[in-house]
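A.B. asks: Starting from these lines, generate the structure:
(one chain, ligands or ions: 1)
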Amino acid sequence: MRTAVISDIHANLEALTAVMEKIKAFGAHEIVCAGDLVGYNADPNECLDMLRREKARCVLGNHDAVAAGLEEPNDFNVLARAAVLWTREQLTEHNRQFLLSLPREQRVRDFILFHGSIHDTDRYILYRNDAVDNFQLLGDLPGSPALGFFGHTHVRTALIEQYGIISASLVTEELELLPDRRYLISPGSVGQPRDGDPRAAFLIYDDRERKVYFHRVEYDIRTCQDKIIGAGLPPRLAERLEWGR
Ligand code: ZN
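C.D. replies: Residues are numbered from 1 along each chain as shown. Next up is the predicted model:
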């Protein structure tokens with residue numbers, strides 16, 4: 001079975017549309033999303049409608065929690081706060097209820113899907129040190145899944161644990177999952193990449209081949225930027241899309 005893993009769409013309809021086209025071309029059987037469906041960009045309702053149409057299994061991100069009114073943006077920076085409060089005003093009641101219905105983590109077959117860290121939506125996994133307790137928590141979960149997919153960092157990452165030692169894979173295009181190791185993997189961001197490559201990021205996990213394939217896809221950044229400016233959102237949010245920062 002091939003699963004498409006996406007994350008951090010952040011209401012970027014142009015990027016999500018381009019990614020969905022690629023996912024269909026790859027013949028993925030299911031789409032899962034590691035949270036932050038909205039925030040930053042200008043098409044929250046359109047993106048949520050598309051994710052529901054495509055029956056994507058989603059978990060709740062920190063921006064989703066604030067946009068839906070579950071939390072306040074107390075620890076958000078100025079740009080993120082402006083965008084998430086704008087999003088809160090835009091959401092239809094149907095889409096707000098959809099966000100409220102999302103779990104913070106979800107077991108899907110042989111992996112677990114979560115946003116920031118296991119049992120903590122807001123905490124980043126950027127470096128090996130951040131992953132130590134996440135690997136422990138992975139082992140404590142029912143069935144002790146050897147694989148977790150996460151988001152929040154907007155950076156493609158693959159951390160590998162064996163005998164308590166954690167290493168970072170310098171992932172390029174594909175990663176083979178070996179049986180005696182555990183993996184925490186981020187596909188990078190669909191709607192606001194921050195690793196210097198402005199193209200939308202996602203991955204395909206093939207559980208029969210036991211391989212993860214990382215992908216990037218170009219999208220119409222200009223149209224997305226125009227919508228951000230047109231909506232009165234901070235211009236910096238439009239600029240950063242073309243830098244991938
Ligand atoms: Zn995010």
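
A.B. asks: only C-alpha atoms for contact and neighbour calcs from this point on.
C.D. replies: Will do.

A.B. asks: List the buried residues for the helix or strand of the chain with the lowest mean pLDDT?
C.D. replies: Within the chain, no helix or strand scores below helix 128-140, which has a mean of 91 by mean pLDDT, DSSP states H and E. Across helix 128-140, burial judged by 16 or more other C-alpha atoms under 10 Å covers 131, 134, 135, 138.

A.B. asks: From the ion, how far off is the first one?
C.D. replies: In other words, residue 131. Note on residue 131: its distance to the ion, by C-alpha to the ion, to the nearest Å, is 18 Å.

A.B. asks: The last one now?
C.D. replies: Counting by C-alpha to the ion, the gap between residue 138 and the ion amounts to 22 Å.

A.B. asks: And the second one, by the same measure?
C.D. replies: Going from residue 134 to the ion by C-alpha to the ion gives 19 Å.

A.B. asks: OK, contacts around the residue nearest to that residue when sequence neighbours are not counted?
C.D. replies: Using C-alpha to C-alpha, 6 or more residues apart in numbering and skipping residues adjacent in sequence, the residue nearest residue 134 is residue 118, 6.1 Å away. Counting by C-alpha atoms under 8 Å, 6 or more residues apart in numbering, residue 118 touches 105, 134, 137, 138.

A.B. asks: now the residues you listed as a markdown table including distance to residue 166?
C.D. replies: Formatted as a markdown table, those follow (distance: C-alpha to C-alpha, whole Å):
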| residue | distance to residue 166 |
| --- | --- |
| 105 | 23 |
| 134 | 11 |
| 137 | 14 |
| 138 | 14 |
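
A.B. asks: Now flag whichever of these is closest to residue 155.
C.D. replies: Distance to residue 155 across the contacts of residue 118 (C-alpha to C-alpha) is lowest for residue 134, with 17.4 Å.

A.B. asks: coming back round to it: and the least confident helix or strand of the chain, what other elements does it pack with?
C.D. replies: If contacts are counted by 3 or more C-alpha pairs under 8 Å, 6 or more residues apart in numbering; DSSP states H and E, helix 128-140 sits against strand 157-162, strand 165-168, strand 182-186.

A.B. asks: closest to residue 7 out of those?
C.D. replies: The nearest among the helices and strands packed on helix 128-140, by C-alpha to C-alpha, is strand 182-186 at 8.1 Å.

A.B. asks: Sheet partners, orientation included, of the host helix or strand of residue 203?
C.D. replies: Here residue 203, judged by DSSP states H and E, is contained in strand 200-206. Partners of strand 200-206 in the sheet, by DSSP bridges, are strand 2-6 (antiparallel), strand 211-217 (antiparallel).

A.B. asks: Centre of the chain to that strand, how far?
C.D. replies: With C-alpha atoms, centre = their mean, to the nearest Å as the basis, strand 200-206 stands 11 Å off its chain's centre.

A.B. asks: Let me know whether it sits next to the ion.
C.D. replies: No: taking C-alpha under 5 Å from the ion as the criterion, strand 200-206 and the ion are apart, separated by no less than 12.7 Å.

A.B. asks: so which of the helices and strands packed on helix 128-140 comes closest to the ion?
C.D. replies: Closest to the ion of the helices and strands packed on helix 128-140 is strand 182-186 (C-alpha to the ion; 11.7 Å).

A.B. asks: In terms of secondary structure, what does the closest one contact?
C.D. replies: Using 3+ C-alpha pairs under 8 Å, 6+ apart: strand 182-186 touches helix 128-140, strand 147-149, strand 157-162.

A.B. asks: For stretch 20-36, list every residue counted as buried.
C.D. replies: Quick answer for stretch 20-36 (16+ other C-alpha under 10 Å): 20, 22, 23, 28, 30, 31, 32, 33, 34, 35, 36.

A.B. asks: Quick check: pLDDT value at residue 171.
C.D. replies: pLDDT for residue 171: 69.

A.B. asks: Give me the subset of the buried residues of stretch 20-36 that lies in helices.
C.D. replies: Of these, the ones assigned to helices by DSSP state H are 20, 22, 23.
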